[in-house]
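S.K.: Test case, fold it:
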Amino acid sequence: MTAVTMTAPAGAGRRTGAGTGQLAGTWPLLRLALRRDRIIMPLWVIVLGGSFSSVAKSISSLYGTDAQRAELAASMNGNSSLRAMYGPVFSDSVGGLVSWRMIAFGSALAAVMSLVVVVRHTREEEETGRQEMLSSAMVGRRAPLTAALLAAVIANAALALVIVAGMAGSGAGGAGAVAIASAVAGVGVLFACTAAIAAQFTESARLAKGLTAAVIGAAFVLKAAGDSAVDDGSSVFTWLSPVGWAENVRPYADERWWVLLVIAGAVAVQCAAAYALAGRRDVGMSFLAARPGPARGRISTAFGLAVRLQRGALLGWTVSFAAVGVVFGGLTGAAADLVGDNEKTREIFERMGGQAGLTDAFLASMVSVLGTVAALYIVSSVLRPHGEETAGLAEPVLAGGVGRIGWAAGHLLIAFGGAALIMVAGGLGLATGYGHELPAVLGASLVQLPAIWLLGGVTVLLYGALPRAATAAWGAVGICLALGWIGPALDLPQPVMDLSPFTHLPKLPGAGMEWGPVALLTALAVALTAGGLAALRRRDMLN
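M.R.: Numbering: from 1, shown residues only. This is a model prediction of the structure:
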């Protein structure tokens with residue numbers, strides 16, 4: 001693509017000032033972004049924001065007395081395993097327990113929402129060539145970035161309003177509701193700026209998302225490491241993490257409003273960096289340019305090309321799963337102490353991990369978490385051909401002696417085989433951290449594959465039959481994540497939980513192996529994948 005400098009039309013700076021000229025066209029681009037996100041953005045806001053009030057109602061039902069909530073808070077703060085996952089409990093009120101249960105995961109999910117919005121309306125627009133077309137009109141150099149960031153701010157502001165309204169409706173309103181909503185939304189805006197910076201450094205929207213997601217993951221790991229060490233959120237590792245900043249706002253526990261200024265300062269610094277970088281490059285270019293290489297050796301085949309394009313992401317996922325598995329495995333030994341004698345909390349873990357012993361239930365729930373997260377990998381990997389197609393990179397490959405099925409099959413082998421590889425890495429990490437039950441834990445990890453492959457098959461079908469709606473596969477994964485992480489705590493009806501393919505898998509280790517659901521899910525995955533490839537073979541390529 002020809003590099004085009006994003007400048008306003010001649011004289012724009014003289015008419016409206018240099019700063020205004022660089023922002024020319026911001027409002028039309030913002031309206032366009034909000035129109036394009038008119039479905040997915042409200043879904044994110046409603047589902048994520050509504051989960052806070054749902055957890056509040058669940059806690060009120062499960063722990064109706066002050067004594068029960070105090071016992072729960074004491075047992076959670078006394079165990080490093082659960083502190084690593086959720087953080088310390090600063091207040092045993094209903095609102096305080098909602099903050100403990102939701103603020104870390106809510107902040108991380110708000111960050112994911114923000115990175116999707118920002119990258120979609122910056123780097124993805126440039127990668128597909130649409131931004132170059134828009135820049136031929138009266139669009140300032142920094143207008144696309146401004147519009148994307150404003151869209152992310154609007155999404156997070158709406159999320160904050162939904163959280164405040166939901167918490168007030170559940171009886172846990174007041175200053176604590178404003179604090180928890182501000183912390184979650186603030187972290188969301190912070191990572192929107194992180195995504196904006198990543199979009200300046202890479203020519204690929206997929207890589208920009210991956211880099212930002214890696215930063216979010218690192219922030220969560222730092223928070224977990226800090227919280228496992230101390231029970232008051234004062235660890236240096238916790239304070240190195242924006243997710244740790246959110247929990248240290250301490251909603252419903254003598255709120256620390258000044259921590260929000262730390263988040264605001266980080267937003268200002270990253271926003272300034274993104275704007276400075278955006279002003280120093282041309283449309284479609286980046287500071288880390290892709291390096292073309294000769295097509296020889298293993299790159300001379302469609303599969304070799306797929307390996308070359310996806311090996312970095314696969315390596316990163318594999319190493320991350322192994323490391324996270326070791327951490328989760330190290331927490332397993334204290335699983336029996338997580339809940340003490342509280343039967344209702346025990347029931348939550350058993351709904352996540354089956355009805356066996358609590359240690360096996362904990363292992364099964366951790367394996368299930370790894371499985372649902374691995375679904376993100378397979379969707380991202382399956383959608384790589386979609387990115388190649390929309391960027392115009394697929395047609396030169398298909399113009400040679402490579403057929404569509406062979407071209408797509410190379411990527412699908414990496415996607416489906418890579419999912420198996422990262423689950424093996426996660427299982428080995430779990431067993432290593434726990435120090436026991438290697439065959440059982442590894443087998444439990446592999447049992448997650450049919451559900452992961454099924455979501456991969458759904459993605460293949462969407463890409464092959466409805467390529468313009470292929471990104472809807474992320475919505476399917478989001479539903480599975482929500483059901484797997486929040487559903488057990490809310491004790492959702494079984495028909496709702498059954499919407500996730502992971503619900504139908506045997507809860508290993510501990511429970512008995514059931515081959516019927518595994519075989520059925522695998523067969524469905526094969527059928528969906530075959531249907532998607534057949535549709536891809538018949539349809540026109542995207543222009």
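S.K.: what number of residues lie near Glu519?
M.R.: Careful, residue 519 is Ala; it's not Glu. Neighbour count of Ala519, defined by other C-beta atoms under 10 Å: 11. Yep, even glycine has a C-beta here, placed from its N, CA and C like the rest.
S.K.: residues touching it, list them.
M.R.: By C-beta atoms under 8 Å, 6 or more residues apart in numbering, the contact set of Ala519 is Pro450.
S.K.: what about it, distance to Gly512?
M.R.: Ala519 is 15 Å from Gly512, where distance means C-beta to C-beta, to the nearest Å.
S.K.: Could you list the buried residues of the helix or strand where Val47 lies?
M.R.: Assigned by DSSP states H and E, Val47 belongs to helix 40-62. Buried residues in helix 40-62, defined by neighbour count with 16 or more other C-beta atoms under 10 Å: 40-41, 44-45, 47-49, 51-60, 62.
S.K.: before we move on, what about stretch 252-262?
M.R.: Across stretch 252-262, burial judged by 16+ other C-beta under 10 Å covers Tyr252, Ala253, Glu255, Arg256, Val259, Leu260, Val262.
S.K.: from the residues you listed, which ones fall inside helices?
M.R.: Val259, Leu260, Val262 (DSSP state H).
S.K.: Correct me if wrong: the last one contacts Trp245.
M.R.: Yes: applying C-beta atoms under 8 Å, one finds Val262 in contact with Trp245, separated by 5.7 Å.
S.K.: so where do the helices sit in the stretch 201-350 of the chain?
M.R.: Secondary structure of the stretch 201-350 of the chain, counting by DSSP state H, counting those that start in this stretch: helices at 205-229, 236-239, 242-248, 258-278, 302-332, 343-353.
S.K.: Below-threshold pLDDT in the protein: ranges please.
M.R.: Along the chain, the parts satisfying pLDDT under 70 run over 1-20, 81, 131-137, 282-300, 331, 333-358, 486, 488-491, 542-543.
S.K.: Can you tell me the centre-most residue of it?
M.R.: Compute the mean C-alpha point of the chain, and by C-alpha atoms, centre = their mean the closest residue is Val112, 4.7 Å away.
S.K.: so it is in which element?
M.R.: Here Val112, judged by DSSP H and E, is contained in helix 94-120.
S.K.: What of Met167?
M.R.: helix 143-169.
S.K.: For that helix, enumerate the helices and strands it packs against.
M.R.: Of the remaining helices and strands, those touching helix 143-169 by 3 or more C-beta pairs under 8 Å, 6 or more residues apart in numbering; DSSP states H and E are helix 26-36, helix 40-62, helix 94-120, helix 175-201, helix 258-278.
S.K.: Dump those helices into TSV; add distance to Gly426 as well.
M.R.: Listed next are the helices and strands packed on helix 143-169 as TSV, based on distance: least, C-beta to C-beta, whole Å:
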stretch	distance to Gly426
helix 26-36	35
helix 40-62	25
helix 94-120	18
helix 175-201	24
helix 258-278	31
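S.K.: and Val496, which of these is closest to it?
M.R.: Among these, the nearest to Val496 by C-beta to C-beta is helix 40-62 (11.9 Å).
S.K.: Give me the distance between the closest one and the centre of its chain.
M.R.: 17 Å (C-alpha atoms, centre = their mean, to the nearest Å).
S.K.: Which stretches in the stretch 351-500 of the chain count as helices?
M.R.: With DSSP H, counting those that start in this stretch as the criterion, the stretch 351-500 of the chain has helices spanning 358-382, 384-390, 394-398, 404-434, 438-447, 449-465, 473-485, 487-490, 494-497.
S.K.: Contacts for the second one next, please.
M.R.: Residues lying outside helix 384-390 but in contact with it, judged by C-beta under 8 Å, 6+ apart, are 127-128, 204-206, 306, 309-310, 394-395, 397, 407-408, 411, 415, 463, 467, 470, 541-542.
S.K.: Check the third one too.
M.R.: Applying C-beta under 8 Å, 6+ apart, the contact partners of helix 394-398 are Ala302, Leu305, Pro385, Glu388, Glu389, Arg404, Trp407, Met541.
S.K.: Can you tell me which of the residues you listed is nearest Gly443?
M.R.: Pro385 (31.8 Å).
S.K.: Report how many residues lie close to the closest one.
M.R.: By the criterion of other C-beta under 10 Å, Pro385 has 27 neighbours.
S.K.: circling back to that earlier point, thought the residue nearest to the centre of the chain was touching Val215?
M.R.: No: at 11.3 Å, Val112 does not count as touching Val215 under the criterion of C-beta under 8 Å.
S.K.: Which residue is the nearest non-sequential neighbour of Phe321?
M.R.: Among residues not flanking Phe321 along the chain, Gly426 sits closest, at 3.9 Å (C-beta to C-beta, 6 or more residues apart in numbering).
S.K.: Relative to Gly186, how far out is the one you found?
M.R.: Using C-beta to C-beta, we find Gly426 at a distance of 31 Å from Gly186.
S.K.: Could you do Asp498 as well?
M.R.: Distance, Asp498 to Gly186, by C-beta to C-beta: 36 Å.
S.K.: quick revisit: can you put the contacts of helix 394-398 in a markdown table and add distance to Thr318?
M.R.: Shown next, in a markdown table, are the contacts of helix 394-398 (distance: C-beta to C-beta, whole Å):
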| residue | distance to Thr318 |
| --- | --- |
| Ala302 | 22 |
| Leu305 | 20 |
| Pro385 | 21 |
| Glu388 | 22 |
| Glu389 | 26 |
| Arg404 | 29 |
| Trp407 | 24 |
| Met541 | 32 |
